[in-house]
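Enquirer: Provided below are the primary sequence and the corresponding predicted coordinates.
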Amino acid sequence: MATNMRGLTQFIADIRGARVRELEEKRINKEMANIRKRFKDGNLDGYQKKKYVAKVIFTYILGYKVDVGHMEAVNLISSPKYSEKQIGYLAVTLLMHENSDFLRLVVNSIRKDLNENNEIYNCLALHAIANVGGQEMAEALSEDVHRLLISPTSHSFVRKKAALTLLRLYRKHPEVIPAAEWALRIVAIMDDMDLGVVICVTSLVMALAQDHLDAYAVCYQKAVDRLRRLVIEHEYAATYAYYKVPSPWLQVKLLRLLQYYPPTEDATLKNILHEVLQTIMNNCSEPSRNVQHNNAQHAVLFEAIGLAIHLDTNSPLVTTAAVLLARFISSKETNVRYLGLDTMAHLAARTENLDAIKHHQGTIILSLRDKDISVRRRALDLLYSMCDVDNSELIVGELLRYLKVADYGLREEMVLKIAILTERYASTYKWYVDTILELISAAGDHVGDEVWYRVVQIVTNTEDLQPYAAKVVFEYLKSPSSHESLVKVGGYILGEYGHLIANEPGYSPMELFAVLHSKSQFCTAPTRALLLSTYVKWVNVFPEIKEQLLNVFERYRHVLDVDLQQRACEFYALASRADDDELLQNICEEIPPFPPRESALLNRLNKKHSDTEDKRTWVHGGKDINLDRQLSRRGSRKPTLGDVNGNGTIHHGADAANDITQSLMGLDLTTSPTSTSQSPTTHLDPVSAPASMLAEAGIPRLTVSPNVERWFEKLCYSSEGVLYEDVQLQIGIKSRYHGHIGQLAVYFGNKVSAPLTSFTTTLHVEEPEAISASFAKIAPSTIAPRTQTQQLIHIECKKPFSKPPILSVSFLAGAHQTIAIRLPVVITKFLEHVKLGQADFFERWKLIGGPPRESQSVFPISLNDAGHIDLPKQRQVVSGHSFNVLEGIDPNPNNLVGAGILHMSVDGKVGCLMRLEPNREAKLCRLTIRSTSEDVAAEVQKLLHKPLSADTAHT
């Protein structure tokens, strides 16, 4: 750049040659004055504008404030020459902030460059959008960036930049990006042939999926398939092998993406994942001498272990992982020790059996004294997660000992974790009080208000504990130096329960007053205010020290602090009343037990671990905490840590209160802990619901046309045929059923002379508790021209259902296309023929009885060309719906009688009888279904009614 602009080269040389700052400033001021004059005079060609703007940029980079060149930079962006356009974009990204008014002038120029066929111009525009990324720019240009990303004509490096630009815009302004509506189109790019594009798009999908799990659910299948192709089938270009590890960055991202979703129930995906994870662990069984190879393998391995833990903590994979982790936490490499401890903490936070981790408890405790603070922090997290009833006293004791020498950066977090563990696993209340008071005494300034609030609540609600707590806190206060938090606890407990120990030697009212009052001179105003409240309580129960207490109130009546002065005046007036005064006695009564409240400690701890762009899929603290966290993320909230009720029992839970005051100091003492319930999800119709709502919920919009409806209805009473067909794709079905199990062979035919790429099939089941449907294998991502591929679907009927599974097919054929159609899987498919004689049939018919176990309808029918009832058609429909047509049962030969047994894996077998009575003269037909299940009767009647009725029947 500088070699083509001699003026710029000379300017840079002069600046570098300046021996003192004054000479540098003088040269810059001279140049800036010249540039202002030239810009003011105008008539500059593109080269001169470029040169002067480059000088302005260099001056800005040196740290000087510049106030010229903005308009010229805007003009340079519109230049047709690359060198001038490049300087213009550089100036815009450096000199202008995201709210600059000048940016409004460049939006159209940037849009023009995005729409150019020149990939260099595309990239310059994308860089500018990503670097500036203002709200207005995001709103104006996000659609254009998305178009570049999905365009089949965009170069790979342009698509990579477009994906990362969208990621940047989404992180800054998530409301601007219609993430759910773009979901299927963005996820389709995960099948791209270029792994560089796949890595960038996966980064984008990771960010979008965290906030739109349902809309991006199809990415789960894509991630599993890509991992299989990378790890097992080794489908990757040699350029993406990093020290013989296939694209470790992509593997890590895919493994992390899978952890955002609950473990899959699909047997096919489960098996593939198990094979992938097993292969990754086997590859890392023996360390390599090459450091870079080890680093890449370990990066993938630790993420794979995290996914194995997420899927099933009882699987053999996790047992293998525990053995590997034991080796890693003793490694000489700091990074490996760090990752080993962090992953073992993940295992401890999820598993039910901590025995494998407890074997290495000594090594973990030694890690608290590691030379690296990040390793020490991970060791603290692991000890916190692996603590249970059996080892709680050992771990808490070790943490208390280490607290006295721990880094200041660790102490506040340690205090919170010690307090939580002490409360959660307290074997006795005495141990709890001893430990917490020792913690407050040792930690000092690092003890938050939540800790002593919690002690107060538990002591107040546990009557047997009150005398012991008063004695112990008094002994701690006798020490020469007591931290203010300890004084607060002592002030509260001795004020409420000091009278319980006042008759014992060494705990007389005068001694209590002397020790507590001696600490007040070193305390802040809020603590002194609390001590004044303690003293007024003592006026009521310790009349022998009333004179000393009145003297204290008298002194505080003249202090400058308004709160202290007001309290002292009010307490002095109360204390001056007669000893038998009812007002004084009523005001100074003991505080009643707190209602059950949730601990605020865990909430405080979780706030310290703020989310980054990549959200954690688990939290430290054991299996119960993580289970309840998952429930709360789905909308139902459970109480957490030690809810304390009036009789002093602790209820263990797992979420935190919203704030301290709600947790302990609520004015409305009659209310129970806040709880929220999730309103039932509104049912979305796949045909009529708004597209944005369907996309957010991950529900495909049904493809609607007369042909599609006709094909579906015909396949409901036949075993094979066409389910869907257009100019590009044909979908055919063959099915067979036995009992409650069914199998569908779905044939996808590519009718065009170009391949269908990013081919994806998914199943959406609206009633998963009643019917399950899953693919036997993942569909191939490409269907070659004029070829056919087949997929098997396994069906299981559990209970009566009315909504068939929806098959969603998406692919790229120039543009992205999505087809969603109902599979012809209806409840009658699971009927089995039953042979009945006339007597048996009518006996059972009468036994079942009428409504509600009978469903009946009368509807018009059409006659055939000869004017007769179309009996063959009616027989075809009835037998197609799996009823056994019984001959010789009904005296009227035109009537059809059928019987069948519905098989369900959960609800068992249900009998079903059918009677069809057509009337030629009236052109009407009566259909009656009786079943031992009223739901089955209604659904079967609806299924048979439609193809038999003249209003809806198709010829």
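Expert: Noted; the coordinates are in hand.
Enquirer: and Ser855, helix, strand or coil?
Expert: Using DSSP: H, G, I helix; E, B strand; the rest coil, the structure places Ser855 in strand.
Enquirer: Bridged to it, which residues?
Expert: Beta-bridge partners of Ser855, counted by DSSP bridges, are Ile929.
Enquirer: ok, it - contacts?
Expert: For Ser855, the contacting residues are Thr928, Ile929, Arg930, Glu934, Ala937, Ala938, Val940, Gln941, Lys942, by C-beta atoms under 8 Å, 6 or more residues apart in numbering. Bear in mind the C-beta positions are built from the backbone N, C-alpha and C, glycine included.
Enquirer: The first one: what's it in contact with?
Expert: Taking C-beta under 8 Å, 6+ apart as the criterion, Thr928 is in contact with Glu854, Ser855, Gln856, Met914, Arg915, Leu916, Glu917, Gln941.
Enquirer: Can you tell me which of those residues is closest to Pro872?
Expert: Nearest to Pro872 out of the contacts of Thr928 is Leu916 (C-beta to C-beta; 13.3 Å).
Enquirer: Need the CA coordinates for the helix or strand that closest one falls within. CSV is fine.
Expert: Assigned by DSSP states H and E, Leu916 falls within strand 908-919. Extracted as CSV, the C-alpha positions of strand 908-919 are listed here (Å, rounded to 0.1, in the frame of the first residue of the first chain):
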residue,chain,number,x,y,z
GLY,A,908,-52.9,-53.7,26.0
LYS,A,909,-55.6,-55.1,23.8
VAL,A,910,-58.9,-53.4,23.0
GLY,A,911,-61.8,-55.1,21.2
CYS,A,912,-63.5,-53.2,18.4
LEU,A,913,-66.8,-54.1,16.5
MET,A,914,-68.1,-52.4,13.4
ARG,A,915,-71.5,-52.4,11.6
LEU,A,916,-72.1,-50.6,8.3
GLU,A,917,-75.8,-50.2,7.2
PRO,A,918,-76.2,-48.6,3.7
ASN,A,919,-79.7,-47.5,2.5
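Enquirer: pLDDT of that strand, averaged?
Expert: Across strand 908-919, the average pLDDT comes to 92.
Enquirer: Pairing partners for that strand, with directions?
Expert: With DSSP bridges as the test, strand 908-919 pairs up with strand 896-904 (antiparallel), strand 924-931 (antiparallel).
Enquirer: residues in contact with stretch 859-877?
Expert: 717, 885, 894, 896, 916, 918, 920, 923-925, 927, 944-945, 947-951, 953.
Enquirer: picking that back up, buried ones among the contacts of Ser855?
Expert: By neighbour count, with 16 or more other C-beta atoms under 10 Å, the contacts of Ser855 hold Thr928, Ile929, Arg930, Ala937, Ala938, Val940, Gln941, Lys942 as buried.
Enquirer: where in the protein is pLDDT low?
Expert: Flagging of the chain using pLDDT under 70 yields the residue ranges 1-4, 597-600, 602-616, 620-685, 687-688, 951-955.
Enquirer: mind redoing it with 50?
Expert: 1-3, 610-613, 634-682, 953-955 (pLDDT under 50).
Enquirer: Next up, phi/psi of the most centrally placed residue in it, please.
Expert: Centroid check for the chain by C-alpha atoms, centre = their mean gives Gln210 as the closest residue, at 5.2 Å. Per-residue torsions, Gln210: phi -60, psi -30 (degrees, to the nearest 10).
Enquirer: And the strands in the stretch 51-200 of the chain?
Expert: Counting by DSSP state E, counting those that start in this stretch, the stretch 51-200 of the chain forms no strands at all.
Enquirer: Could you pull out the helices in it for me?
Expert: Listed in chain order, the helices of the stretch 51-200 of the chain (DSSP state H, counting those that start in this stretch) span 70-77, 82-95, 103-115, 119-132, 135-150, 156-172, 183-188, 195-211.
Enquirer: counting contacts, what elements does the first one pack onto?
Expert: Spelled out, that is helix 70-77. helix 46-61, helix 82-95, helix 103-115 (3 or more C-beta pairs under 8 Å, 6 or more residues apart in numbering; DSSP states H and E).
Enquirer: rewinding a little: how about the buried ones among the contacts of Ser855, which pair is most distant?
Expert: Put simply, by C-beta to C-beta the two of the buried ones among the contacts of Ser855 set farthest apart are Arg930 and Lys942, 14.7 Å from each other.
Enquirer: circling back: can you list the residues that contact the strand holding Leu916?
Expert: Residues outside strand 908-919 that contact it (C-beta under 8 Å, 6+ apart) are 800, 831, 834, 841, 844-845, 848, 861, 869, 874, 878, 883, 890, 892, 894-904, 924-933, 936-937, 940, 944, 948.
Enquirer: Thanks again, I'm all set now.
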